[in-house]
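1. Mind looking at a prediction? Sequence and model below.
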Amino acid sequence: MPTPTDSPSARSSLAPGRATRARQWLAHHKSVLLIAFAFTVMADPVSSVAYAVEAALRALGGNLSLLLPTMAVVIGIIAVVIANYHDLVGRFPQGGGAAAASGTAFGEGFAFLPLGALVVDFVLTIAVSIAAGASAIIAYFPVAHTIRVPLAIGLLLLVAALTWFGHWGRILFALMTLSFVGIGTALLVSGFAKPQVTLPPFSGHSSGIAAVAVMLAFPVGMALATGVEAPSSAIAQLGQLDDAGRRFFGRATLWLTLLIVGGLTMGITALAVRLGIGIPPANSTQIGDVARAAGSPGLFAAFQAASAVLLLAAASSSFQAGPGLLKALARADRLDGARLGILPAWMGRTNRHHTPYWAGLVYLLVSAAVIVAAGARDQELVLFYAVAVFLSFLAGLLAMLKFSLAEHRWRWVVVNGLGAVLVGFTLVVNLLRGYPLVSFAAALLIAGAFYWLWVRAGRPRGVSQIERIVEAEVGEEE
């Protein structure tokens, strides 16, 4: 059983001087804190650029002429989702994300739907990020394609080992994201100075007429949307700010994510079309081929290194968040001192760095199994991706729609309703492909298991605040 010193407030009180000084410094240097927070939180969606564009091109059957409009649809839908999360952050400035919204709107038991989806999403984010990191290395060292699976498992073990020592801190993650954005921008400048390639007429099959092809392909490219909801829960880390400050940080990060992810995605997509970079061979990636064609050897090497490091950072982030969620459901010292504890207590056991080692081992084993099953190929994993997170999106957006209808906020009724329709359409089209049914079923099974355990435990209150509790602990530990 945890002692009183296991709570976030008690841990911070053990070193009041250093923790207080750090919070005071950051509170007075909010621009630094905003940059650190924003570029840390957006590591996942920014890293998704490495595989989402290629995934959309494969869904188009290699038709480069339709790639730009397809990714434009993807960015447009992400903008609608972000507008909805802008509204959600305004209502829940202390964090909590879709779990807090759905639990408040429909009853606490409904919070398990987005929570179950997140458990699956964290596993797939780890797996696809590790696989894409291995692909980035192989694109630079093609001979390494013969050891793709061992390479990916080695990277997974490296990330797992580093998470043993707890959270790395916001500044390091922010620097990784900033370096990728900077090098990516330099690559775009270099690439657009190259002469344009005239594309030959497309002779492949792209699912019928152009509009239909785009509508059927863009849901695969929506893998880019994974992680855009993170600011809505991560603002709970900002204990040094009041509600107004957290609301501003959350909303600013959402729109900055759209600006950067949208800019990089459309730039790299346009560059791929301009240079005629299509579906890559087995020992490369589309974005790697774009970097090779667009930049000097040094810029190509820097871009591949930055891509690999950022992808590992995204995997590390989910490796912390996933076990952290299980720890909270096992131990769950709430901010008011009450307990939840629907999972076995051993899931909440931590080392001296506050890392839940048994929960981490669960994620390590499941992620390794997924990577091996997919042959460590990120494009195979993308087919199962962007489903669980859209289930979470849908729960959150429907909750916001209910709030808007009850309060007669008609402008937001339109925004929330449009978001729910677009997210629902994306989810349905992806499910019709067949592969994502596995991810969808896993999310529903986990949500159902959590709900059953919650009922057995007497329906303890506080489950809708689990994401907020997890993120608040992250803020205390950092």
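-> Right, received. Where do you want to start?
2. And the pLDDT at S307?
-> At S307, the predicted lDDT confidence score is 95.
3. Please report phi then psi for it.
-> With angles defined as degrees, to the nearest 10, S307 sits at phi -60, psi -50.
4. List the single closest residue to it in space, sequence neighbours excluded.
-> With sequence-adjacent residues excluded and distances taken as Cβ to Cβ, 6 or more residues apart in numbering, S307 is closest to A136, at 4.4 Å. (Glycine included, C-beta is placed from N, CA and C.)
5. which stretches of the stretch 101-250 of the chain form helices?
-> In the stretch 101-250 of the chain, helices defined by DSSP state H, counting those that start in this stretch lie at 112-140, 148-163, 170-192, 210-221, 230-234, 243-275, listed in chain order.
6. for those, which one sits closest to A388?
-> Closest to A388 of the helices of the stretch 101-250 of the chain, according to Cβ to Cβ: helix 112-140, at 4.0 Å.
7. buried stuff in that closest one?
-> Buried residues in helix 112-140, counting neighbours by 16 or more other Cβ atoms under 10 Å, are found at 112-140.
8. go on, stretch 354-366?
-> Taking 16+ other Cβ under 10 Å as the neighbour-count basis, stretch 354-366 is seen to contain the buried residues 354-360, 362-364, 366.
9. Quick check: the most centrally placed residue in the chain vs V214, distance?
-> Residue closest to the average C-alpha location in the chain (Cα atoms, centre = their mean): G227, at 2.6 Å. Taking Cβ to Cβ, to the nearest Å as the criterion, G227 is separated from V214 by 24 Å.
10. got it, and F440?
-> Between F440 and V214 the distance, using Cβ to Cβ, works out to 23 Å.
11. follow-up on the earlier one: need the contact list for the residue nearest to S307.
-> When contacts are counted by Cβ atoms under 8 Å, 6 or more residues apart in numbering, A136 touches 50, 285, 288, 304, 307-308, 311.
12. can you tell me which of these are in helices?
-> 50, 288, 304, 307-308, 311 (DSSP state H).
13. Can you select the buried ones from those in ChimeraX?
-> For the buried members of those, the matching ChimeraX selection, counting by 16+ other Cβ under 10 Å, is:
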select :50,288,304,307,308,311
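14. between the ones in helices among the contacts of A136, which is nearest P219?
-> Minimum separation from P219 among those (Cβ to Cβ) is found for A50, which lies at 18.6 Å.
15. Local confidence estimate at that closest one?
-> Predicted confidence (pLDDT) for A50: 92.
16. In contact with it, which residues?
-> 132, 135-136, 285, 287, 307, 310-311, 378.
17. Turn these into TSV, including distance to L259.
-> Conversion of these to TSV gives the following (distance: Cβ to Cβ, whole Å):
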residue	distance to L259
A132	23
S135	26
A136	24
T285	24
I287	20
S307	20
L310	17
L311	21
D378	25
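18. Looking at the residues you listed, spot the one nearest T265.
-> Of all the contacts of A50, the one with the least separation from T265 (Cβ to Cβ) is I287, at 10.4 Å.
19. Check the spacing between the closest one and F180 real quick.
-> Counting by Cβ to Cβ, the separation of I287 from F180 is 11 Å.
20. Which neighbours do those two have in common?
-> With contacts taken as Cβ under 8 Å, 6+ apart, the residues that reach both I287 and F180 are S307.
21. Is G375 part of a helix or strand, or is it coil?
-> Assigned with DSSP: H, G, I helix; E, B strand; the rest coil, G375 falls in the coil class.
22. Please disregard the earlier target; I meant I279.
-> At I279, secondary structure determined by three-state DSSP is coil.
23. Isn't it up against L57?
-> Yes - with contacts counted by Cβ atoms under 8 Å, I279 reaches L57, the gap being 6.1 Å.
24. where in this protein is pLDDT low?
-> Counting by pLDDT under 70, the chain contains low-confidence residues at 1-29, 166-171, 199-208, 331-339, 474-478.
25. if we go to 50?
-> For the chain, residues meeting the criterion pLDDT under 50 lie at 1-16, 205-207, 334-336.
26. picking that back up, determine which two of the ones in helices among the contacts of A136 are furthest apart.
-> Of all pairs drawn from the ones in helices among the contacts of A136, the one with the longest distance (Cβ to Cβ) is G288 and L311, at 12.2 Å.
27. give the contact list for I75.
-> 224, 258, 261-262, 265-266.
28. Please repeat the previous calculation with a cut-off of 7 Å.
-> Taking Cβ atoms under 7 Å, 6 or more residues apart in numbering, we find I75 in contact with 262, 265-266.
29. which of these lies closest to L383?
-> Nearest to L383, judged by Cβ to Cβ, of those is T265 at 19.3 Å.
30. hang on, the earlier thing: how about a markdown table for the contacts of A136, with distance to F390 added?
-> Putting the contacts of A136 into a markdown table (distance: Cβ to Cβ, whole Å) gives the following:
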| residue | distance to F390 |
| --- | --- |
| A50 | 20 |
| T285 | 24 |
| G288 | 27 |
| Q304 | 30 |
| S307 | 25 |
| A308 | 27 |
| L311 | 21 |
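31. From A79, how far out is the spatially closest residue to L271 that is not a sequence neighbour?
-> If the residues on either side of it in the chain are set aside, L271 comes closest to G191, at 4.4 Å by Cβ to Cβ, 6+ apart. Using Cβ to Cβ, one gets 25 Å for the distance from G191 to A79.
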